[in-house]
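J.: 3D model of this:
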Amino acid sequence: MAADSEPESEVFEITDFTTASEWERFISKVEEVLNDWKLIGNSLGKPLEKGIFTSGTWEERSDEISFADFKFSVTHHYLVQESTDKEGKDEESEDAIPQSMQDLLCMNNDFPPRAHCLVRWYGLREFVVIAPAVQSDAVLSESKCNLLLSSISIALGNTGCQVPLFVQIHHRWRRMYMGECQGPGVRTDFEMVHLRKVPNQYTHLSGLLDIFKSKIGCPLTPLPPVSIAIRLTYVLQDWQQYFWPQQPPDIDALVGGEVGGLEFGKLPFGACEDPISELHLATTWPHLTEGIIVDNDVYSDLDPVQAPHWSVRVRKADNPQCLLGDFVTEFLKICRRKESTDEILGRSTFEEEGREVADITHALSKLTEPAPVPIHKLSVSNMVHTAKKKIRKHRGEESPLNNDVLNTILLFLFPDAASEKPSEATTSIDNSNPPPEGEDYTLYNQFKSAPSDSLTYKLALCLCMINFYHGGLKGVAHLWQEFVLEMRFRWENNFLIPGLTSGPPDLRCCLLHQKLQMLNCCIERKKARDEGKKTSPSDNVTNAYPGDAGKAGGQLGLDHLRDTEKEKGEVGKSWDSWSDSEEEFFECLSDTEDLKGNGQESGKKGSTKEMANLKPEGRLHQHGKLTLLHNGEPLYIPVTQEPAPMTEDLLEEQSEVLAKLGTSAEGAHLRARMQSACLLSDMESFKAANPGCSLEDFVRWYSPRDYIEEEVTDEQGNVVLRGELSARMKIPSNMWVEAWETAKPIPARRQRRLFDDTREAEKVLHYLAMQKPADLARHLLPCVIHAAVLKVKEEEILENIPSVKKIIKQIIAHSSKVLHFPNPEDKKLEEIILQITNVEAIIARARSLKAKFGTEKCEQEDEKEDLERFVSCLLEHPEVSVTGAGRGHAGRIIHKLFVNAQRLTESSDEAAAVVLPEEELKRSGYPEERRQNATSDFPPPVGRELILRATVPRPAPYSKALPQRMYSVLTKEDFRLAGAFSSDTSFF
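T.: Numbers count the residues shown, from 1 in each chain. Presented below is the predicted three-dimensional model:
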């Protein structure tokens with residue numbers, strides 16, 4: 001065994017050089033990506049149109065490859081263009097230079113305002129970039145850079161791809177790219193220089209021409225002409241000569257209903273700072289040749305006023321503070337607070353001091369024991385107002401809202417309080433000004449807010465303003481507490497709430513608005529009932545409100561109530577027990593006493609024959625020509641109770657209760673009986689109005705479709721109409737039949753109330769009192785957003801900005817979806833507010849530009865229209881050309897702006913201002929200096945961009961003439977040269 005193992009130890013390791021290395025695998029992956037994207041061969045497109053780099057559509061696609069464990073991302077950037085005709089390609093020679101080389105000489109898209117940096121530097125319509133996939137990674141060493149360049153060169157040669165391929169090297173922020181493009185017998189190398197400090201000889205055209213010529217190394221004695229494009233950029237930062245028109249509101253002002261310089265009910269608008277921070281003027285000389293102009297370290301012919309092309313862009317202030325956006329944002333912050341009103345204002349405000357504090361057990365005895373105080377003084381409203389005084393007494397001067405502000409707000413919310421007799425205001429909304437039915441007014445349907453002329457809407461705006469200007473969260477809690485006290489006062493004293501449409505709650509509005517409408521309904525019913533008690537006892541005219549009754553028919557009413565009680569044991573549970581209320585309500589005390597005296601006597605008269613002889617009560621009017629089937633008397637429509645109004649939360653509760661009854665037959669029957677309280681009430685009213693009537697008579701009025709009439713021939717041969725109930729009415733134990741048998745002839749005024757206004761009002765007042773400021777803000781936020789959208793639309797109409805109109809439509813559509821949910825997410829609400837703020841900033845920018853360019857001061861209509869169009873374009877587009885350059889109307893205004901800014905700069909510079917007369921005379925002697933003084937209307941340019949182009953043979957005189965290009969940009973802290981130098985690989 002030992003002998004066998006000795007030869008094995010002498011065998012050396014064999015390296016198989018046929019296996020692929022990491023480098024080869026990387027090249028193969030690059031080739032695979034280029035093949036997958038079908039970037040092989042020459043695909044010539046049509047010539048580039050002017051401005052296509054900015055107006056056209058750019059797309060990109062990416063893939064990921066790796067060199068060993070180092071990951072790279074490969075991205076293909078290309079301009080989307082229509083496909084060219086194939087016939088044109090056949091005519092082209094196979095050895096035509098690649099499209100990218102042709103694009104190097106194209107002058108239609110120099111200095112595009114918005115494009116990829118490689119597009120700006122080289123004018124390419126298509127290219128591929130290989131960059132480190134991880135942001136923090138970078139290719140720093142020279143050997144790695146050369147290895148990557150070799151890799152892409154091999155990949156381009158193997159695949160025949162004619163699209164330029166770039167590699168990003170050094171740190172990402174430096175934007176350093178090296179690349180290559182190959183074609184049949186030609187190659188272009190893309191090189192770059194990036195420096196912090198600029199050598200003095202390269203700050204002007206002559207020095208850059210020297211670099212370009214030396215890099216080309218053209219062997220021809222008369223060098224072909226070099227085409228030059230130059231752009232100088234000037235920045236205007238000093239707007240001191242034009243004050244920003246938006247004045248910040250004066251918080252301390254309070255004059256005639258104005259707080260913060262703004263009326264209550266009107267939201268502020270505009271930016272607190274100038275939303276336009278800088279104006280960039282780019283002066284361009286697009287087509288120059290060497291020798292036409294002089295630009296060196298001593299003298300320059302590049303006068304911006306004489307430039308043939310001007311273009312302007314504005315730099316917007318980053319997130320300018322906007323009043324409307326801040327208002328709504330601060331109101332949204334309340335939604336995140338968890339404190340209750342008592343916690344915010346302090347619980348001690350409700351405690352009594354010293355001897356006023358009494359044991360709670362003596363509270364009832366104080367009410368029952370005799371006292372000289374009249375009983376009406378112990379009403380809830382007086383107790384509330386006493387508590388109100390104590391609250392103010394405890395707060396003293398620390399009250400979040402001072403009395404002037406509070407009174408102004410309350411008068412704004414409740415204008416009827418200014419009159420001496422608010423009780424005379426019987427209507428809840430001003431009928432002299434009917435609400436408009438325009439699109440803006442009906443916006444509350446989409447937002448689920450409230451009408452713009454309603455109390456809820458006004459309350460939202462007041463709370464928003466109080467939160468921003470007066471006391472913040474404490475001020476909101478204080479105003480809400482006063483508002484709830486006012487609601488209690490109005491309920492106790494039968495004062496209708498202004499700013500609410502009459503009728504049941506509008507379910508299209510927010511829940512708080514519905515609650516206030518419900519309270520108003522309660523006040524209306526209570527007020528009508530109280531007024532009904534004051535009418536003449538002999539008045540037989542019935543009222544639609546339950547409880548509005550005189551004494552007439554009182555004894556008969558009690559007879560039937562007694563009959564009802566008597567038959568409870570026979571029929572089972574009475575239909576009366578399914579009413580919403582569990583208690584009997586007798587509004588007229590005198591009627592009740594009379595009924596008690598005659599109850600036993602009338603209880604014996606319960607037969608149908610006797611009921612037919614009853615005196616009719618509660619008739620509204622006769623129903624056409626219809627008569628009762630049994631006795632032929634005219635059929636009268638009765639006065640009925642109005643159905644109980646419901647808010648959406650009550651409807652949800654009712655739906656849940658009914659859903660819990662299940663789907664069984666018993667549950668369905670129970671559900672139907674619960675929903676039939678209104679039916680029973682109407683039957684009783686019908687019986688009272690039509691003595692001797694039958695179920696068929698009721699159905700003919702209440703549900704005509706359930707009474708079927710047919711023409712039949714009687715025994716004598718006459719055609720007569722004969723009617724009968726429908727099939728569903730004949731079902732045994734039918735609910736209608738049960739209800740009819742149970743119903744007694746009781747007019748609406750003496751029935752149990754379907755709508756217990758007292759209980760419902762107390763429930764609403766309790767609901768309002770228990771609302772925390774956060775809950776309140778949640779309820780009212782749709783109103784605030786509604787108001788903000790209306791404000792933005794109002795301001796946009798004055799400026800007429802097309803892009804803003806589109807954004808407003810998007811805001812309305814977005815808000816409609818978000819606000820219809822009960823509890824929208826904060827993130828979605830913030831998105832809506834951000835959109836509103838952005839629109840506000842755009843409108844503020846429009847006003848700022850109009851003020852700076854003086855569009856309102858133009859006397860000639862043509863010039864005014866041109867200026868307005870120019871300002872509008874500045875908002876819509878990244879860069880706008882100035883018609884007529886420095887000689888046009890807009891150009892003269894821009895020139896004047898720069899001149900004024902320069903004068904301010906010179907006057908503020910003391911060192912420049914104090915110049916000795918001898919030195920001044922000496923300086924004026926040199927023509928070069930005089931030339932520079934003449935051009936001092938503009939500050940030194942902050943950016944100098946040059947593009948040099950030429951078509952020369954490289955590297956030998958007999959090589960093919962190929963495009964050469966060099967781009968240069970010089971700023972205060974940055975100098976970059978980006979060169980594309982082509983050479984002939986066949987004849988060198």
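J.: Neighbouring strands - and their directions - for the helix or strand containing residue 711?
T.: Using DSSP states H and E, residue 711 sits within strand 707-713. Strand 707-713 sits in its sheet next to strand 719-725 (antiparallel), going by DSSP bridges.
J.: right, and the helix or strand after the partner strand?
T.: Immediately after strand 719-725, counting by DSSP H and E, sits helix 735-742.
J.: Give me the contacts around the following helix or strand past that following helix.
T.: Downstream of helix 735-742, the next assigned helix or strand under DSSP H and E is helix 757-769. Helix 757-769 has contacts (CB atoms under 8 Å, 6 or more residues apart in numbering) with 483-484, 487-488, 491, 515-516, 518-519, 521-523, 525-526, 529, 581, 644. Backbone N, C-alpha and C define where each C-beta goes, glycine included.
J.: if you set the cut-off to 7 Å instead, what comes out?
T.: For helix 757-769, contacts defined as CB atoms under 7 Å, 6 or more residues apart in numbering pick out 484, 487-488, 491, 515, 518-519, 522, 525-526, 581.
J.: name the element residue 475 belongs to?
T.: Using DSSP H and E, residue 475 sits within helix 472-492.
J.: on that earlier part again, is it possible to export the contacts of helix 757-769 to JSON lines including distance to residue 699?
T.: Below are the contacts of helix 757-769 laid out as JSON lines (distance: CB to CB, whole Å):
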{"residue": "484", "distance to residue 699": "47"}
{"residue": "487", "distance to residue 699": "43"}
{"residue": "488", "distance to residue 699": "45"}
{"residue": "491", "distance to residue 699": "40"}
{"residue": "515", "distance to residue 699": "37"}
{"residue": "518", "distance to residue 699": "33"}
{"residue": "519", "distance to residue 699": "37"}
{"residue": "522", "distance to residue 699": "33"}
{"residue": "525", "distance to residue 699": "29"}
{"residue": "526", "distance to residue 699": "34"}
{"residue": "581", "distance to residue 699": "28"}
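J.: Go through those and name the one nearest residue 939.
T.: Among the contacts of helix 757-769, residue 484 lies closest to residue 939 (CB to CB), at 62.3 Å.
J.: do you know how far the closest one is from residue 768?
T.: Shown here: residue 484 relative to residue 768, a distance of 5 Å by CB to CB, to the nearest Å.
J.: What of residue 456?
T.: For residue 456 relative to residue 768 (CB to CB), the value is 12 Å.
J.: in terms of contact, does residue 458 touch residue 499 like I think?
T.: Yes - counting by CB atoms under 7 Å, residue 499 is a contact partner of residue 458 at 6.5 Å.
J.: tell me, what's touching those two both at once?
T.: Here residue 458 and residue 499 have no joint contacts, going by CB under 7 Å, 6+ apart.
J.: For residue 348, give me the pLDDT.
T.: In this prediction, residue 348 carries a pLDDT score of 45.
J.: on that earlier part again, tell me which strands and helices the helix or strand following the helix holding residue 475 is in contact with?
T.: Going down the chain from helix 472-492, the next helix or strand is helix 511-533, by DSSP H and E. Judged by 3 or more CB pairs under 7 Å, 6 or more residues apart in numbering; DSSP states H and E, helix 511-533 is in contact with helix 455-469, helix 472-492, helix 648-660, helix 757-769, helix 773-799.
J.: would CSV of those helices with distance to residue 504, mean neighbour count and mean pLDDT be doable?
T.: Output for the helices and strands packed on helix 511-533, formatted as CSV (distance: least, CB to CB, whole Å; neighbours: other CB atoms under 10 Å; pLDDT from 0 to 100):
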stretch, distance to residue 504, mean neighbour count, mean pLDDT
helix 455-469, 16, 24, 88
helix 472-492, 18, 21, 90
helix 648-660, 11, 13, 76
helix 757-769, 12, 18, 89
helix 773-799, 19, 21, 89
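J.: would you list these in a markdown table and tack on distance to residue 834?
T.: Shown next, in a markdown table, are the helices and strands packed on helix 511-533 (distance: least, CB to CB, whole Å):
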| stretch | distance to residue 834 |
| --- | --- |
| helix 455-469 | 17 |
| helix 472-492 | 22 |
| helix 648-660 | 29 |
| helix 757-769 | 32 |
| helix 773-799 | 12 |
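J.: Tell me where the model's unsure across the stretch 101-250 of the chain.
T.: Segments of the stretch 101-250 of the chain classed as low confidence (criterion: pLDDT under 70) are 221, 239-250.
J.: can you map out the helices along it?
T.: Using DSSP state H, counting those that start in this stretch, the helices of the stretch 101-250 of the chain run over residues 117-122, 142-159, 205-216.
J.: Indicate which one of those is closest to residue 878.
T.: Here helix 117-122 is closest among the helices of the stretch 101-250 of the chain (CB to CB), at 12.7 Å.
J.: quick one: contacts of the closest one?
T.: Outside helix 117-122, the residues touching it (CB under 7 Å, 6+ apart) are 53, 104, 112, 124, 127, 166, 175, 177, 190, 965, 967, 978, 980.
J.: dump the residue contacts of the nearest residue in space to residue 290 that is not next to it in sequence.
T.: By the measure of CB to CB, 6 or more residues apart in numbering, the closest residue to residue 290 outside its immediate chain neighbours is residue 226, 4.8 Å from it. Contacts for residue 226 (CB under 7 Å, 6+ apart) come out as 209, 212, 289-290, 948-950.
J.: Can I get those in JSON lines including secondary structure, distance to residue 942 and neighbour count?
T.: Output for the contacts of residue 226, formatted as JSON lines (DSSP: H, G, I helix; E, B strand; the rest coil; distance: CB to CB, whole Å; neighbours: other CB atoms under 10 Å):
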{"residue": "209", "secondary structure": "helix", "distance to residue 942": "23", "neighbour count": "17"}
{"residue": "212", "secondary structure": "helix", "distance to residue 942": "23", "neighbour count": "23"}
{"residue": "289", "secondary structure": "strand", "distance to residue 942": "26", "neighbour count": "10"}
{"residue": "290", "secondary structure": "strand", "distance to residue 942": "26", "neighbour count": "17"}
{"residue": "948", "secondary structure": "strand", "distance to residue 942": "21", "neighbour count": "24"}
{"residue": "949", "secondary structure": "strand", "distance to residue 942": "25", "neighbour count": "22"}
{"residue": "950", "secondary structure": "strand", "distance to residue 942": "28", "neighbour count": "22"}
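J.: So for those, which is the shakiest by pLDDT?
T.: Lowest pLDDT among the contacts of residue 226: residue 290, with 84.
J.: so who does that residue touch?
T.: 209, 225-226, 228.
J.: Just the closest of those to residue 651, please.
T.: Nearest to residue 651, judged by CB to CB, of these is residue 228 at 77.8 Å.
J.: correct me, but that closest one touches residue 288?
T.: Yes - if you go by CB under 7 Å, residue 228 and residue 288 touch, sitting 4.2 Å apart.
J.: Give the residue from these two that has the larger number of neighbours.
T.: Per other CB atoms under 10 Å, whichever of residue 228 and residue 288 has more neighbours is residue 228, with 23 against 19.
J.: that older thread, most neighbours among the contacts of helix 117-122, please name it.
T.: Neighbour count (other CB under 10 Å) singles out residue 124 as the most crowded of those, with 28 neighbours.
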